[in-house]
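Q: Make a model of this:
(chains A and B)
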There are 2 protein chains.
Amino acid sequence: MSRYGIPVVEEAVVETEEQAAAAARKIGYPAVLKGLGAALGHKTERGLVRVSLRSEEEVRQAFRDIRQAADKDWEACVVQPHIAGHREFVAGIVRDAQFGACVMFGLGGVLAEALGDVSFRIAPVDRFSARAMLEEIRAAKLLRPFRGEAAVDADRLTDVLTGLSRLALDEPEIAEVDINPLIVLPDGRIKAVDALIVLGNRKPVSRPPVDAPRIRRALDAMANAQSVAVVGATSTVRGGYLGIFGCMRAFGYEGRLYPVNPKVDSIDGIRCYPNLGSLPEKVDLVILAVPAQAVPAALGDCIASGNVNVHIFTAGFRESAEEEGEKLQREIEAIAREGGLHVVGPNCMGWYVPSRKMLTWNAAPAPAGPVSMISQSGGNAQEFTHHAAKTHRLYFNKVISYGNALTLDSPDYLDYLAGDETTSLVVMYLEGVKDGRRLLSVTQEAARRKPVIIMKGGLSEAGARAASSHTGALAGSRRIWEAFFRQTGAVRVDSLEEMADVAAAFHYLKRTPGRRVGVLSVGGGQAVAVADACAQAGMDLPAFSPATVKKIRAFIPPAGNMIRNPIDSYLAFMRTEYVGKIFDILAHSGEVDNVVVSLPLDWLYREAGQENFIEVIARYLAGEGRGKLCGLPLVVAWRQYQDAEEFRRMRAVLEDILLAAGVPVYEGLNRAVRALAHLERYSAFVKAGQAASG
Amino acid sequence: MSRYGIPVVEEAVVETEEQAAAAARKIGYPAVLKGLGAALGHKTERGLVRVSLRSEEEVRQAFRDIRQAADKDWEACVVQPHIAGHREFVAGIVRDAQFGACVMFGLGGVLAEALGDVSFRIAPVDRFSARAMLEEIRAAKLLRPFRGEAAVDADRLTDVLTGLSRLALDEPEIAEVDINPLIVLPDGRIKAVDALIVLGNRKPVSRPPVDAPRIRRALDAMANAQSVAVVGATSTVRGGYLGIFGCMRAFGYEGRLYPVNPKVDSIDGIRCYPNLGSLPEKVDLVILAVPAQAVPAALGDCIASGNVNVHIFTAGFRESAEEEGEKLQREIEAIAREGGLHVVGPNCMGWYVPSRKMLTWNAAPAPAGPVSMISQSGGNAQEFTHHAAKTHRLYFNKVISYGNALTLDSPDYLDYLAGDETTSLVVMYLEGVKDGRRLLSVTQEAARRKPVIIMKGGLSEAGARAASSHTGALAGSRRIWEAFFRQTGAVRVDSLEEMADVAAAFHYLKRTPGRRVGVLSVGGGQAVAVADACAQAGMDLPAFSPATVKKIRAFIPPAGNMIRNPIDSYLAFMRTEYVGKIFDILAHSGEVDNVVVSLPLDWLYREAGQENFIEVIARYLAGEGRGKLCGLPLVVAWRQYQDAEEFRRMRAVLEDILLAAGVPVYEGLNRAVRALAHLERYSAFVKAGQAASG
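A: Sure thing, here's the model as predicted:
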């Protein structure tokens, strides 16, 4: 421990009462005596720790007591000086099944476990991350001057965490470390006074080597496939689900599409091939839609014919949670690795690339855009793409549903999309991942280049159970995943709706300069809701300076208009030039970083004597109004409660105008502010990275 | 403290070294010595606490040290036995501005403040509540056997909290009490070893006496007004907002409606009166819509003419946060109290009673129903009633927007609605309340009779600021409001949308027998989402027994259908009789208390070769399917992502059929499960109350 920068208390190991007395004389009083032995866990409970020993007699008595209490487990005693301090922390190492070595920091002492006030990082932990860990615990105020004692020496505490990180990586046979307590002395120095090291003989998991450039080329070939073969193609004339061959045709795939099925001569008038070897060319992508039992042979056909890029649509493997499926998956994995195949799937929906008119499921938005998606769940890929297109006019570049991740897993897809020039942001739906450390490093690299927004399914304990049987993947524990998000700069969202909301903020606004929000709204109840929403999302709603209030008051009268933040003024909306004046004042005040406009559509619709008043407001905000903000991000939130077709129509008009102009629009203030908060945190992350590297 | 049942450590106050030594001999070693003095706060930091004193010499030395350290603040020392225990709690009394005496319990010791792990109750605290407080802290596991020490004597700890509650109510001059630490001995006994009592000379707030029966009668007269006068009525022919007189006419008010305005002879062809005295009758409700400055005189006219029920629509009082408005509010409060007026408002929208066709704002749903609403914000009253009607077909009985609460406040309205036979459940939007203790007792009583669902605006710190300037009410702190909800059985929601979701669950389902949910769904990603949603809402998603699985497997084949909880079976939906069989099996299994069906509308719409398949499913669920559940609550959640008019239409069809049959319907699983969770907690609360009283 000392070698790894951890300040350890002075100590002497003693085997006789005489030695104990001598050691205490040397170390000084008050002293501490503890039992020592491989079988001696939970020493305090067993009465094997005696503190505040103030004389030789007390030390001798303690020695005899401990020896007796430890009985046959006794090996020796250790003498230490008594370290007094009100603050006790814990630091340690654990190994996570997905992410490997992790470092922990938290509130320590005998209550450590009961309090559970800890933070984690996946190793390696740099000083910056270690420093952040200190601040993440609920009791972080103990790091500052406390009840007459000095602030903790945070540099040394940081050393402990980075030292543990190095230790964990250097010594794989160490399974766990607990330093508890790590006492803070009144002068702020820290001392480790007790530690437990658990050795394991877990061998490091050996993973097949990753040839990243080759995988990137393979994925690029699939994503831009000029030729596709569908093995197990069937007639599409069945109503309902068309089959993959039918889906590709229905979406208008423009490359060369070959049905493969030995049982028929043609499908929908198109010549059918008996196997891959009989095709006129090697194809960029083979799709297997045959029964699970036929997949091993079909993979053999891929290898024999030199077709290495394969999407296995078929289900019935590990996700079935039955031995038969498990066995079949092990079998096809061996075949695929042996044959050097790149496999998307099995048990997945596959590809959606609108620019190529490529789609292996029933229906998807036709337009192409800059958002790419990686989804372990096919249902979520389908639903999310529809939802994001409908709600935020977000369109997609490449969407991959990858299911059981036989040879290609989320890090491979993300690595490819991180380098894909036509992808501006990546959204991911993840359940588990096999190689957590690689996901960590790939995500860190990707998030430096473009926003990566991740929804991790199965974070609850019950959810983890369902995830495990769904994709056969191990879902990690909540705390380690929290560390993952902190360490990568990936944005964590908790639902598909939030994922779309946040993606829209990133797509339309790119960055925000800070967390201060100025809000223009109507209604007192709404004003309270604005403040609650900002507080909950971690955004600031600063009070305006008297000068700013005065400037606005110059044209907006007091009656019925509250000039504070949020500004509560019906009048401002009635006369759109007032909105412009307010924007201009806010933009030049230096008091806000973002502007949110909350529109009560029902109210505005009925007012101002104009049938199309919502359109008037939308056009103003999208054009002249926005111009007055001098580049400050503008977000519009609407609410609408009355049930009439005319109201639904005006919502669409509002969204069309604003989204076409690049102003993100949300239903309800909470969603708008939360999306902005995610954008703010990512902007700060990018800025910090630039500052660090520049 | 001893008198109030708090086990206090034995102690002796000593003024000389000799007395200290004698006291220590009597009490025994190890002993503790502390400084004593009115000016001696933060004793540990000042070095005025010495523990583990093991000899007379150590006691004498400690006495001299403390005397010196305390210097001129020294008054005496106190000698106690050294109480050793790993667990330290804190208990105390605080007085909240809105709710008065509150009792606190939490993790104690020197870290108490830094950890902030505490729970609160508003006094009086009974044993049942006190017991619950113990379990609410994060570190509640410390109450159980801990590191070789016995479980805490919870009965005695409960005594401490109920004793503090009595003390707080008996002795109003005690402003605060802190017992810290309250040490747990290894055998589980507790001892208070230090306490601080802060005396204040705050006089108890004197509140005007409440004549509840009279107020109920007044509110009932207003709610069922046969005659209404609008003072300050204006022509309604202006487009946009109609004015209150116009709103009442437009909604079709069927009672006698009198415009009062000395400046005109008639409005819209209706005879106008110069003042209230000239009306042909005393009216059930006077509405004041005159400028703020004219309100005092108008109230005088009410008193002079014997019209005591008044709704003041006018704004510009305390909510303006300006001195002028504050002064005006004090003035009209004095007039109203003096004259015995019942005032709704000022600064509020007033009344919406559809059965009377009474409405004092622009637009509201025409049908009447059993839900009543109390809202401090007029905007929220308007928006909520539209939203709940549109989304859940919930309709209203009596809606009151009451703004600044001049003489009538939320407890008055709730007390009235609790006894109103035609109201089956009450929803409230609250910002602040003047008499928190009365709100507490009224809500406790109301929640025993019918569900009370409350959204408290301004719970965040920033939100509290906005609330304060909005209605001039003091918004309480988050922790005390949490106690309020725990103590009353009122259901807490965080948004208007959640309020409607929860109200729908209560309205359609009334009660649920428990928290176990069985789910029928489609898709692996959705299965993970179900589990996450249940875990987050605190509902159980139990695994089905092998017997139950086998029964379902008897007719649903393995391929593509996962029989676990959630059941993931597309096939089941394709053949509705399978849904019925599953319902029947679940209903007879005894393994679930509720059934949730999650419908992917986009998928189902395209399947089964039936144009109206959604309608087929809806009719089955609403009729035969539901019948098979033998009374288990059924909730339907839908999701729909594709953007087409035909999809929107089928949503409406689904909702119409299910809601008409009394099956609540939600957009998305999270909302459905969360609403069900609220219903479950309230059902358990009611059951516990019945068990206690029966």
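
Q: residues in contact with the residue lying closest to A:Ala130 once chain neighbours are set aside?
A: Leaving aside its chain neighbours, A:Ala130 sits nearest to A:Leu161 (3.8 Å; criterion: C-beta to C-beta, 6 or more residues apart in numbering or on different chains). Where you see a C-beta, it was placed from the backbone N, CA and C, and this is true even at glycine. When contacts are counted by C-beta atoms under 8 Å, 6 or more residues apart in numbering or on different chains, A:Leu161 touches A:91, A:103, A:105, A:121, A:125, A:130, A:133-134.

Q: right, and out of those residues, which lies closest to B:Glu624?
A: B:Glu624 lies nearest to A:Arg121 out of these, by C-beta to C-beta, at 55.5 Å.

Q: for whichever strand or helix holds the closest one, what is the average pLDDT?
A: Secondary structure from DSSP states H and E places A:Arg121 in strand A:118-122. Strand A:118-122 shows a mean pLDDT of 92.

Q: So which elements touch the next helix or strand after it?
A: As assigned by DSSP H and E, the chain's next helix or strand after strand A:118-122 is helix A:127-136. With contacts taken as 3 or more C-beta pairs under 8 Å, 6 or more residues apart in numbering or on different chains; DSSP states H and E, helix A:127-136 sits against strand A:100-107, strand A:118-122, helix A:154-170, helix A:478-488.

Q: Give the buried residues for helix A:127-136.
A: The neighbour-count check on helix A:127-136 (16 or more other C-beta atoms under 10 Å in any protein chain shown) flags A:129-134, A:136 as buried.

Q: quick one: contacts of that helix?
A: Under the criterion C-beta under 8 Å, 6+ apart, residues A:103, A:105, A:119-121, A:125, A:140, A:143, A:154, A:157-158, A:161-162, A:165, A:486-487, A:692 lie in contact with helix A:127-136.

Q: Report the angle between it and helix A:154-170.
A: 120 degrees (axes from the mean of the first three to the mean of the last three C-alpha atoms, to 10 degrees).

Q: what's across from the spatially most central residue of chain A in the sheet?
A: Chain A has A:Arg492 as the residue nearest its centroid, 3.7 Å off, counting by C-alpha atoms, centre = their mean. In this structure, A:Arg492 bridges to A:Ile454 when assessed by DSSP bridges.

Q: ok, A:Ala559 - how many residues close by?
A: For A:Ala559, the neighbour count with other C-beta atoms under 10 Å in any protein chain shown is 11.

Q: That one: what secondary structure?
A: Taken by DSSP: H, G, I helix; E, B strand; the rest coil, the conformation at A:Ala559 corresponds to coil.

Q: Model confidence at the spatially closest residue to it that is not a sequence neighbour, what's the number?
A: Nearest residue to A:Ala559, sequence neighbours excluded (C-beta to C-beta, 6+ apart): B:Gly316, at 6.6 Å. The model reports B:Gly316 with a pLDDT of 89.

Q: and B:Gly316, what element?
A: For B:Gly316, there is no host helix or strand (DSSP H and E).

Q: related to what we said a few turns ago, among the contacts of helix A:127-136, which ones are buried?
A: For the contacts of helix A:127-136, a burial check counting by 16+ other C-beta under 10 Å picks out A:103, A:105, A:119-121, A:125, A:143, A:154, A:157-158, A:161-162, A:165, A:486-487.

Q: how about the nearest residue to the closest residue to chain B within the stretch 351-500 of chain A, chain neighbours excluded?
A: With C-beta to the nearest C-beta, the shortest gap between the stretch 351-500 of chain A and chain B falls at A:Ser377, namely 2.7 Å. Closest residue to A:Ser377 apart from its sequence neighbours, by C-beta to C-beta, 6+ apart: B:Gly525 at 2.7 Å.

Q: can you confirm the one you found is in a helix?
A: Yes: checked against three-state DSSP, B:Gly525 lies within a helix.

Q: Show me where the stretch 451-600 of chain A has its helices.
A: Under the criterion DSSP state H, counting those that start in this stretch, the stretch 451-600 of chain A contains helices at A:461-471, A:478-488, A:496-509, A:524-537, A:546-553, A:570-574, A:576-589.

Q: Turn those helices into a markdown table, including distance to A:Asn670 and mean pLDDT.
A: Formatted as a markdown table, the helices of the stretch 451-600 of chain A follow (distance: least, C-beta to C-beta, whole Å; pLDDT from 0 to 100):
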| stretch | distance to A:Asn670 | mean pLDDT |
| --- | --- | --- |
| helix A:461-471 | 23 | 45 |
| helix A:478-488 | 21 | 91 |
| helix A:496-509 | 10 | 97 |
| helix A:524-537 | 5 | 89 |
| helix A:546-553 | 26 | 94 |
| helix A:570-574 | 21 | 86 |
| helix A:576-589 | 22 | 95 |
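
Q: Highest mean neighbour count out of these?
A: Sort these by mean neighbour count, taking mean count of other C-beta atoms under 10 Å in any protein chain shown, and helix A:524-537 sits at the top with a mean of 26.

Q: what's the spacing between the residue in the stretch 101-250 of chain A that chain B sits nearest to and B:Lys43?
A: Closest approach between the stretch 101-250 of chain A and chain B, counting by C-beta to the nearest C-beta: A:Gly148, at 3.3 Å. A:Gly148 sits 11 Å away from B:Lys43, going by C-beta to C-beta, to the nearest Å.

Q: These two: which is more packed in?
A: Neighbours were tallied for A:Gly148 and for B:Lys43 using other C-beta under 10 Å; the higher tally belongs to B:Lys43 (18 against 12).

Q: Could you tell me how many residues sit around the residue lying closest to A:Gly148 once chain neighbours are set aside?
A: Closest residue in space to A:Gly148, ignoring its immediate chain neighbours: B:Glu45 at 3.3 Å, by C-beta to C-beta, 6+ apart. As a burial measure, B:Glu45 scores 14 neighbours (other C-beta under 10 Å).
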